[in-house]
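Asks: The following comprises the amino acid sequence and a computationally predicted model.
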Amino acid sequence: MHSAATPGLTFRDATDADVDALVVLIESAYRGDASRAGWTTEADILEGQRTDPEGVLQVIKSTDSRLLTVERDGLVVACCQLEHRGDHAYFGMFAVSPTLQGEGLGKIVIAEAERQARAAWGISEMHMTVISVREDLIAWYERRGYRRTGQMSPFPYGDERFGIPQRADLQFELLVKKLG
């Protein structure tokens, strides 16, 4: 899907053929030295993987989820998960190529994700969880209309599928946005 507001961008649902490119994108946005080119890096708080092919494929195959994939000039440059959860949608697995961060692409992607979730499922709220020590990232979401709830859930310490924590105080905070 192209639109006048997003020249050169194509939004589409991911397919099995996208798994490898999506894993590389997600890893590059959050982990390792490559992630330091952008501002969303988690490299100082988590080592190891952010996701794997099985995790990405699970989202693609789920009947209640979509993995919205964003292409520019035929290259995957961003993605996000949208999951229908009754009266709201869950927003996750959000990644923008580190070399394109800071150019407004993330704002475009999240706005399109909210629009598509409302249109597809008729929901009025978007939920997400963010590692609570990521103050800069939480502030960015707050500028997009998300509010902190103070509702925390534990980080999965000991499960290396989600990374290897470099500090003992990690937990997830629920952020919520009412969609108009």
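Replies: Looks like it came in fine. Note that the structure is predicted; figures quoted are calculated from it, not measured.
Asks: Grab the longest strand from this structure for me.
Replies: For the chain, the longest strand by residue count, based on DSSP state E, is strand 75-85.
Asks: and the angle for the next helix or strand after it with strand 75-85?
Replies: Tracing the chain C-terminally past strand 75-85 and defining elements by DSSP states H and E, one meets strand 88-96 next. Relative orientation of strand 88-96 with respect to strand 75-85: 160 degrees, computed using axes from the mean of the first three to the mean of the last three CA atoms, to 10 degrees.
Asks: List of residues touching strand 88-96?
Replies: The contact list for strand 88-96, computed with CB atoms under 8 Å, 6 or more residues apart in numbering, reads 25-26, 28-30, 38, 40, 51, 56, 59, 67, 77-83, 105-106, 109-110, 113-114, 117, 121, 123-129, 176. Backbone N, C-alpha and C define where each C-beta goes, glycine included.
Asks: And those residues, which of them are buried?
Replies: Burial by neighbour count, judged by 16 or more other CB atoms under 10 Å, picks out 25-26, 28-30, 38, 40, 51, 56, 59, 67, 77-83, 105-106, 109-110, 113-114, 117, 121, 123, 126-129 from these.
Asks: does the closest residue to Leu25 other than its chain neighbours have beta-bridge partners, and which?
Replies: Of all residues beyond its chain neighbours, the one nearest Leu25 is Ala95 (5.2 Å), with distances taken as CB to CB, 6 or more residues apart in numbering. On the basis of DSSP bridges, Ala95 is bridged to Cys79.
Asks: how many neighbours does Ala95 have?
Replies: Other residues within reach of Ala95, judged by other CB atoms under 10 Å, total 29.
Asks: do the same with Ile138
Replies: Neighbours of Ile138 under the rule other CB under 10 Å: 17.
Asks: how close does the nearest residue to it once chain neighbours are set aside get to Tyr30?
Replies: Residue nearest to Ile138 in three dimensions, not counting chain neighbours: Val130, with 5.5 Å by CB to CB, 6+ apart. Distance, Val130 to Tyr30, using CB to CB, to the nearest Å: 12 Å.
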